[in-house]
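Student: Sequence and predicted structure, then a few things I'm wondering about:
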Amino acid sequence: MSNDIWIYGEHSNGRLAENTRDILSKASSMGRTSLILLGREADRVVDEACEAGASEIIVDADPRYDEYLAEPHARTLYRLIDQGTPPRILLFTFDPPSRDIASRLASKLGTGALSNVLDVSEEDGLTVAAVQWGWSYTAKCRLKGKNPHILLIRQGAFSDHSLKMANANNVGGITRYISMFEPDETFPRVIRSTVERKPGPTLTNARLVIAGGRGMGSADNFRLIEELVAMLDGAIGTTRAAVDAGWRPYTEQIGQTGASIRPDVYIACGISGAVHHMKGVRGSKSIIAINKDPDAPIMRMADVGIVGDAVELLRLLREKLQER
Ligand code: FAD
């Protein structure tokens, strides 16, 4: 295994997670990469990982990774590091499973894990930019100390498409199959898990997100947004104000203490644009704001600002779409 850059690969249903692809794309532009894929489905992702530029792909298809538990994943990463030459950098996404695994691994190694990373570069040694104090600062840190440096990359930080294009021909290298567990090695078992499934795309993978805030006026008015996202194959989002009012569930909250989204189009309806909310929408390619106040902060950040009553405008949009 190379001692350059390792990436813990998130995958599901035979696809690499988009964040992992982004990280792989960036890492491949920096040096030799080893992508670690764990779980029975890992083999299905190998071709995609090659195309995304991995120099080496390490697959352990043991079924014991499949039930979601951080320990088997962290244990394997620990053993790989302990038994060989540690990589310089070990990259994870900042998604919840990776956070869980990276922190366990760091604890096993007696090292740290740096989260909310926005950039990694080799300028003047290994340097990273990371968000601090809830986006109040972006700190540039030079990394010292023993390898590996464990970094959790903020969603969308490496979603630069030109970078993907640049690596498009960087067809990957060898695949190695490993088996890290003893036959009788056991882990805690998940007794029951419940997954809430809704039709349509999720908040974090939708190309269109329509979110409503306090300016929507009531829980009932959110039905309009529900209808529109169903028509347009989008997802619904909201602000903490609407969650606190009991109008929407927390799972739809976007922002510092909610989800980070990266749709092509984000439509904010009756949302002021508080910094805590906007932290979650930075990855959006374009922002359309509907607000009755032309001086609302969101109007300065939006690509298109529409001054008007959000509920009225959404009704109009629904009518137009129904006429199609
Ligand atoms: P408001 O700020 O009240 O804005 C309502 C807007 O609607 C106004 O601009 C108004 O002009 C407009 N409006 C009113 N009526 C209409 C109408 N009929 N048509 C069109 N426009 C109309 N917030 C989050 O969203 N996500 C977070 O993750 C988050 N985390 C936080 C963490 C911390 C530590 C703290 C302190 C706060 C956090 N907040 C978060 C809260 C955040 O600071 C704001 O209070 C919240 O985002 C405001 O929500 P809002 O825009 O819906 O409401």
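Tutor: All right, it came through fine. Residues are numbered from 1 along each chain as shown.
Student: what's the distance between the spatially closest residue to Met278 that is not a sequence neighbour and Arg176?
Tutor: Spatial nearest neighbour of Met278, chain neighbours left out: Met301 (6.3 Å); criterion: C-beta to C-beta, 6 or more residues apart in numbering. Every C-beta, even on glycine, is put in place using the N, C-alpha and C of the backbone. Going from Met301 to Arg176 by C-beta to C-beta, to the nearest Å gives 46 Å.
Student: Name the residue in the two with the higher neighbour count.
Tutor: Higher neighbour count among Met301 and Arg176: Met301, with 15 against 12, using other C-beta atoms under 10 Å.
Student: For the stretch 1-150 of the chain, which residues score under the pLDDT cut-off?
Tutor: For the stretch 1-150 of the chain, residues meeting the criterion pLDDT under 70 lie at 1-3, 134-136.
Student: repeat that with 50
Tutor: 1-2 (pLDDT under 50).
Student: re the thing from before, looking at it, the residue nearest to Met278 is touching Gly273, isn't it?
Tutor: Yes. In this structure, Met301 is within contact of Gly273 by C-beta atoms under 8 Å, at 5.9 Å.
Student: Can you check which residues contact both of the two?
Tutor: Counting by C-beta atoms under 8 Å, 6 or more residues apart in numbering, the contacts common to Met301 and Gly273 are Ala289.
Student: neighbouring contacts of stretch 305-316?
Tutor: Residues lying outside stretch 305-316 but in contact with it, judged by C-beta under 8 Å, 6+ apart, are 212, 215-217, 221, 224-225, 228, 269-270, 288-294, 298-299.
Student: mind redoing it with 6 Å?
Tutor: With contacts defined as C-beta atoms under 6 Å, 6 or more residues apart in numbering, stretch 305-316 is touched by 215, 221, 224, 269-270, 289-290, 292, 294, 299.
Student: tell me the average confidence for it?
Tutor: Averaged over stretch 305-316, pLDDT sits at 98.
Student: Check which residues of that stretch are buried.
Tutor: Neighbour-count burial for stretch 305-316, counted by 16 or more other C-beta atoms under 10 Å, picks out 305-306, 309-311, 313-314.
Student: Going by distance to the ligand, which of the contacts of stretch 305-316 wins?
Tutor: Nearest to the ligand, judged by C-beta to the nearest ligand atom, of those is Gly215 at 2.5 Å.
Student: From what I see, Ile89 and Ile5 are in contact.
Tutor: Yes. Applying C-beta atoms under 6 Å as the test, Ile89 and Ile5 come out as touching, 4.9 Å apart.
Student: So which of those two has more stuff around it?
Tutor: Ile5 (26 against 22).
Student: for the more buried one, what are its contacts?
Tutor: Per C-beta under 6 Å, 6+ apart, neighbours of Ile5: 27, 31, 33, 89.
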